[in-house]
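Colleague: sequence plus the predicted model coming up.
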Amino acid sequence: MLVRLLQKTRRKVLLTLLTSLMFGCSQAGRIVGPKETELPLPQSFKLHFNHRASSRYRDPLNGGWRNGDNLEKRLIQQIDSAREEVLLAIQELTLPKIAESLIRAQGRGVKVQVVLENNYSSPWSEQHPSDLTVHNRRRLQQLQLLADSNRDGRLTAEERLAGDAIALLKRSGIPMIDDTEDGSRGSGLMHHKFLVVDRALVITGSANFTSSGMHGDAGVSRSRGNVNHQLSIQSAELAELFREEFERMWGDGPGGQRNSRFGRGKNNRGVQSVEANGVQIKVLFSPHSDQLSGHGLDLIGEQLTAAQRNIDMALFVFSDQSLTNILAERLKAGVGIRLLADPGFAGRSFSEVLDLLGLELPDRFCKLEAGNNPLKTPLQSVGTPKLANGDKLHHKFAVIDNKTVITGSFNWSPAAAHTNDETLLVIESPQLAAHFTQEMDRMWRGAELGITARMQRKLDRQTRKCGSGIERD
């Protein structure tokens with residue numbers, strides 16, 4: 001009896017192993033990392049994170065399962081739901097399936113208009129490597145890899161067109177402009193990342209509509225894409241504010257009277273407030289003069305100054321001294337502060353991450369930033385998350401006292417406030433704040449805190465070259 005039972009058990013084990021080997025690639029993947037608590041969201045809000053630990057999707061780069069929300073799929077669903085109008089302002093769009101969804105919308109009779117940053121408004125399939133900067137040559141190589149659908153190392157004319165989002169839009173006659181439409185060489189950056197659908201839905205956040213911004217880099221097996229989020233809010237009042245920003249940039253569209261407005265030419269308004277199902281939202285579109293109060297850094301500074309208990313920040317770029325000074329004051333008042341910054345940015349000479357760590361770093365000319373004021377006592381709760389090589393922490397969010405969320409396309413820098421076209425939102429919602437705190441906690445697990453080995457090597461190199469450095473005039 002015992003022998004028969006053992007034989008039966010052995011057969012079951014072998015059958016399970018064979019089934020796993022035969023069909024393992026089609027089975028749902030296991031979520032890696034601690035399971036996140038399911039949290040409610042305010043009515044009419046949706047929020048997605050492409051590195052979230054509690055969900056998974058098939059990676060379009062390799063077909064395998066990975067942790068995170070599929071930001072591209074969510075966008076396409078929202079575009080496919082449009083019945084009247086889709087207005088898109090995005091720094092960079094290279095995902096062909098998003099272009100195809102816009103083309104489908106136009107085919108249904110939906111009005112589709114697109115505003116792009118001028119550095120990314122030309123079809124990549126028409127570019128030649130010799131005409132490009134080193135950065136743009138690497139970008140072109142990535143896009144060619146992504147377009148090689150049969151992975152044979154050769155691009156056919158069909159593959160080039162099918163893989164080129166901007167070429168697809170142009171061929172379909174979708175009206176597009178970039179930030180040179182006003183007759184200038186372009187604003188600092190047309191850095192917006194938003195859609196307005198049917199005058200009722202706003203989708204915004206930190207992600208560009210690229211493979212690197214959502215899924216990962218082609219040919220890099222460990223890449224999971226820049227760490228980003230995407231926020232959708234159903235509100236006609238909010239949508240109207242975003243439509244007004246879009247219309248200022250659009251003017252009369254391609255050609256015509258050159259009445260598109262970008263950068264400081266937009267004559268942007270100050271902070272505007274709306275309510276979406278009981279949630280208070282402040283909206284500010286940059287840029288504004290640094291000679292006037294009420295610009296984006298001022299708005300962020302007001303929120304930081306109001307903090308009584310805690311401040312969490314997840315930032316791609318943090319380079320404004322005035323905000324560091326405010327954080328230093330909140331520290332003295334007993335406010336708990338956590339900051340996670342992009343590893344590639346954190347150790348740059350103009351990074352305020354260094355100031356919070358009590359450090360000064362001369363630039364390549366051995367000059368120190370004028371007015372630099374590093375903390376006398378380094379803040380221990382400053383760090384960088386562990387990411388795959390080439391991936392970036394691309395968030396631009398903060399959570400204050402577990403109830404206020406700062407988000408949008410707006411990096412915490414003078415350029416974002418004074419030269420770029422940007423979106424900055426301040427949202428009062430403990431429910432929404434809990435989701436961003438959960439994302440902060442996810443990144444915090446395993447983050448490197450304090451002076452990393454990468455920073456120390458850079459400090460040592462610059463010290464050998466420059467000594468202590470000389471402050472700029």
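Modeller: Received it, and whenever you're ready, just let me know what you need. Numbering: from 1, shown residues only.
Colleague: quick one, what contacts Ala398?
Modeller: Counting by C-beta atoms under 8 Å, 6 or more residues apart in numbering, Ala398 touches Ile300, Gln303, Leu304, Ile311, Asp312, Met313, Ala314, Leu315, Val405, Ile406. In short, each C-beta sits where N, CA and C put it, glycine included.
Colleague: change it to 7 Å
Modeller: Taking C-beta atoms under 7 Å, 6 or more residues apart in numbering, we find Ala398 in contact with Ile311, Asp312, Met313, Ile406.
Colleague: and of the residues you listed, the nearest to Val274?
Modeller: Ile406 (16.2 Å; C-beta to C-beta).
Colleague: in what helix or strand does the closest one lie?
Modeller: In this structure, Ile406 sits in strand 404-408 according to DSSP states H and E.
Colleague: quick one: mean pLDDT for that strand?
Modeller: Averaged across strand 404-408, the pLDDT comes to 98.
Colleague: neighbouring strands for it, and are they parallel or not?
Modeller: Strand pairing for strand 404-408, determined by DSSP bridges: strand 396-400 (antiparallel), strand 422-428 (antiparallel).
Colleague: mean confidence for the first one?
Modeller: Which is strand 396-400. Averaging the model's pLDDT scores along strand 396-400 yields 98.
Colleague: what's the answer for the last one, then?
Modeller: When pLDDT is averaged along strand 422-428, the result is 98.
Colleague: re the thing from before, turn the contacts of Ala398 into TSV, columns for neighbour count.
Modeller: Formatted as TSV, the contacts of Ala398 follow (neighbours: other C-beta atoms under 10 Å):
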residue	neighbour count
Ile311	23
Asp312	23
Met313	25
Ile406	24
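Colleague: residue ranges with poor pLDDT in the stretch 351-473 of the chain?
Modeller: Across the stretch 351-473 of the chain, residues meeting the criterion (pLDDT under 70) sit at 472-473.
Colleague: ramachandran angles for the most centrally placed residue in the chain?
Modeller: Using C-alpha atoms, centre = their mean, the residue of the chain that lies closest to the mean C-alpha position is Ser206, 2.6 Å off. Phi and psi for Ser206, reported as degrees, to the nearest 10, are phi -110, psi -10.
Colleague: neighbours of the closest residue in space to it that isn't next to it in sequence, how many?
Modeller: Leaving aside its sequence neighbours, Ser206 sits nearest to Asn228 (C-beta to C-beta, 6 or more residues apart in numbering; 4.7 Å). Taking other C-beta atoms under 10 Å as the criterion, the count of residues near Asn228 is 26.
Colleague: just checking, Asn228 touches Asn50?
Modeller: Yes. Taking contacts as C-beta atoms under 7 Å, Asn228 lies within contact range of Asn50: 5.3 Å.
Colleague: anything in contact with each of those two?
Modeller: Where contact means C-beta under 7 Å, 6+ apart, the residues bridging Asn228 and Asn50 through contact with each are Leu71, Met214.
Colleague: for this structure, which spans come out with low pLDDT?
Modeller: Low-confidence regions of the chain, defined by pLDDT under 70, span residues 1-35, 472-473.
Colleague: ok, now which ones touch the residue nearest to the centre of the chain?
Modeller: Taking C-beta under 7 Å, 6+ apart as the definition, contacts of Ser206 comprise Lys193, Asn228, His229, His394, His395, Lys396, Ser409.
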